[in-house]
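>>> With the sequence up front, the predicted model follows.
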Amino acid sequence: MRAADRRYAGLSFLQWFPVGLTMVPMVLLLLERGLSLAEVALLGVVSSAAVAVAELPTGGLADSLGRRPVLVASAVVHAAGLVLLALAGRMDLLIASAVLRGLARALASGPLDAWYVDTARAAGAVAEGALTRGLARGQVAASVGLGAGTVLGGLLPFVVPVDPVTGLALPVLVAAGVEALRGVLSLGLVDVRRRGRVRAAVAGVWPAVRAGARLAGTDAVLLRLLGAGAATGVALAVIELVTPAWLGGLADDPADAALLYAALVALGFGADALGAAASVRLRDRVGTSLSASAVAAGVATLAAGALAVATALEGPAGLGLAAAAYLLVFAGLGAAGPLLSELLHGRVDDEHRATVLSVESLLFQGSGALGGLGAGVLVTVYGAPAGVVVGVLALAAAVVVLVRTSRIRSGAGRFTEAANCR
């Protein structure tokens, strides 16, 4: 398990570090290449559509073919998409890059977690709470990767003495190299669940998708956990939409607002990492993973309420309150993440684990897109505080769902019973 913990944390870092590297320069690079803002938005839609189409089939593939080959494929496909993004100037090639990057995200959305839980189960880590520590390490590593990548991706174009387009492309090429490294290291993973031939595995994708989706839709407790995750997706999408827009209205220079938000995002990833690191201690204090996740989500809800108040203020007081609230939101969600993840894995068998994780990812992204759209309309009509309120209500709904779930005695019993059976 020590080796599995190290590999899981290391690959989690490498999976999200390239995302952070491209977060700051991507839009600027495309604009420097002559694309309009509408064309940049179109590429984002293409990538999101590719994720939506491929999410469930790739989860079924990870369940039928195995975790390792899907992880390797995600790294190879993402590296190819990033190279195209860094070097291509034609719209058709950039569309191909968007499709590849969306496909890579779908491929990577569940197999690493599924591999870790498979390995932990095989090693005898079956009791509730036994996985929290390892899952928390993975989330900490992912958050650190995102934060470090965001900082490095913002600095590289300024410190390397080249022309603007080449400078902005440099973090993207570095990200492609990191993905190549992740692919090589993923080859060393050992699937504890052996699979047959590729043709048979591919034929089993759709049966795996149907069975996993059926499980996600019929298990009452699992459905509540997925609903809480979807509500979190709404809140994050709203905060990530409203905060930079609000900062842009405060700053005289858009570049200053972008730099300020980039620093805030990096600190937010750090707060998420600290929250994840504290999740085990929180569970020990509260008593159960489900109750602890409700407490952590409650903290995030209160912090989001403070953020809504801050966006209605002006001057340093509003900015300071907004920064503190923003970080506390991410700390609360960071603490809830590993706890909810372990509870979700406790409801799923090994045969459907990656597919259910793909369902979770699809719900998270879809609800976030709808929540962001609604918040955008409210911000346009009523201002930033109204948009943040959407996130507050979503988090409050997640807290209610988690509290009600903790009162289902049969559900709590099933967590323990399922763990003992495995």
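Received the coordinates, thanks.

>>> For stretch 386-397, give me every contacting residue.
With CB atoms under 8 Å, 6 or more residues apart in numbering as the test, stretch 386-397 has contacts from 231-232, 234-236, 238-239, 241-242, 297, 300-301, 304-305, 307-308, 311, 371, 374-376, 378-379. Every C-beta, even on glycine, is put in place using the N, C-alpha and C of the backbone.

>>> Which among those residues count as buried?
Among those, the ones that count as buried by 16 or more other CB atoms under 10 Å are 231-232, 234-236, 238-239, 241-242, 297, 300-301, 304-305, 307-308, 311, 371, 375-376, 378-379.

>>> So which of the contacts of stretch 386-397 sit within helices?
For those, membership in helices holds for 231-232, 234-236, 238-239, 241-242, 297, 300-301, 304-305, 307-308, 371, 374-376, 378-379, with DSSP state H as the criterion.

>>> quick one, what contacts the residue nearest to Leu71 when sequence neighbours are not counted?
Spatial nearest neighbour of Leu71, chain neighbours left out: Ser186 (4.3 Å); criterion: CB to CB, 6 or more residues apart in numbering. By CB under 8 Å, 6+ apart, the contact list for Ser186 reads 11, 68, 71-72, 75.

>>> Low-confidence bits of the stretch 251-400 of the chain, can you list those?
In the predicted model of the stretch 251-400 of the chain, residues 251-259 satisfy pLDDT under 70.

>>> Helices of that one, residue ranges please.
Under the criterion DSSP state H, counting those that start in this stretch, the stretch 251-400 of the chain contains helices at 254-277, 279-286, 289-310, 315-346, 353-382, 384-406.

>>> now for those helices, which one comes closest to Val144?
In terms of CB to CB, the element of the helices of the stretch 251-400 of the chain nearest to Val144 is helix 254-277, at 5.4 Å.

>>> Which secondary structure elements does the closest one sit against?
When contacts are defined as 3 or more CB pairs under 8 Å, 6 or more residues apart in numbering; DSSP states H and E, helix 254-277 packs onto helix 132-159, helix 220-250, helix 315-346.

>>> So which elements touch the longest one?
So that's helix 315-346. For helix 315-346, the packing partners by 3+ CB pairs under 8 Å, 6+ apart come out as helix 111-122, helix 132-159, helix 220-250, helix 254-277, helix 279-286, helix 289-310, helix 353-382, helix 409-421.

>>> In it, which residues are buried?
Under the neighbour-count criterion of 16+ other CB under 10 Å, helix 315-346 has 318-319, 321-323, 325-346 buried.

>>> before we move on, what about the second one?
Applying a neighbour-count criterion of 16+ other CB under 10 Å, one finds 221-239, 241-247 buried in helix 220-250.

>>> So what angle separates the directions of it and helix 315-346?
Counting by axes from the mean of the first three to the mean of the last three CA atoms, to 10 degrees, helix 220-250 lies at 160 degrees to helix 315-346.

>>> Glu360 and Val348, how far apart?
Distance of Glu360 to Val348, computed by CB to CB, to the nearest Å: 10 Å.

>>> higher neighbour count, those two?
Neighbour comparison, Glu360 and Val348: the larger count goes to Glu360, with 26 against 22 (by other CB atoms under 10 Å).

>>> from memory the more buried one sits against Thr232, does it?
No: counting by CB atoms under 8 Å, no contact exists between Glu360 and Thr232, whose distance comes to 10.4 Å.

>>> What distance do you get for Ala9 to Val45?
Computed with CB to CB, the distance linking Ala9 and Val45 is 33 Å.

>>> So between the two, which is more surrounded?
Ranked by neighbour count (other CB under 10 Å), Ala9 and Val45 place Ala9 first, with 21 against 11.

>>> looking at it, that one is touching Ala141, isn't it?
Yes: here Ala9 lies in contact with Ala141, judged by CB under 8 Å, at a distance of 4.2 Å.

>>> residue contacts, Pro25?
Counting by CB under 8 Å, 6+ apart, Pro25 makes contact with 153-154, 156-157, 168-169, 171-172.

>>> ok, 6 Å please
Pro25 is in contact with 153, 157, 168, 171, counting by CB atoms under 6 Å, 6 or more residues apart in numbering.

>>> separation between Ala276 and Val174?
According to CB to CB, Ala276 stands 25 Å off from Val174.

>>> my guess is Ala108 meets Ser74, correct?
Yes: with contact defined as CB atoms under 6 Å, Ala108 counts as touching Ser74 (3.8 Å).

>>> How much space separates Gly315 from Arg404?
On the measure of CB to CB, Gly315 and Arg404 end up 41 Å apart.

>>> count of residues packed around the closest residue to Gly298 other than its chain neighbours?
Excluding its sequence neighbours, the residue lying closest to Gly298 (CB to CB, 6+ apart) is Val399, at 5.0 Å. Neighbourhood size, Val399 [other CB under 10 Å]: 22.

>>> Val399 and Val299 touch, don't they?
No: using CB under 6 Å as the test, Val399 is too far from Val299 to be in contact (9.6 Å).

>>> give me every residue that touches the closest residue in space to Ala122 that isn't next to it in sequence.
In space, and not counting its chain neighbours, Ala122 is closest to Val192: 4.4 Å by CB to CB, 6+ apart. The contact partners of Val192, taken as CB under 6 Å, 6+ apart, are 118-119, 122.

>>> What distance do you get for Ala79 to Arg353?
26 Å.

>>> which of those two has more neighbours?
Using other CB under 10 Å, the more surrounded residue of Ala79 and Arg353 is Arg353, with 26 against 22.

>>> what number of residues lie near the nearest residue to that one once chain neighbours are set aside?
Nearest residue to Arg353, sequence neighbours excluded (CB to CB, 6+ apart): Ala114, at 4.4 Å. Counted with other CB under 10 Å, residues neighbouring Ala114 total 28.

>>> Give me the pLDDT for Ala114.
What the model reports as pLDDT for Ala114 is 86.

>>> Tell me how far it lies from Gly229.
Counting by CB to CB, the gap between Ala114 and Gly229 amounts to 16 Å.
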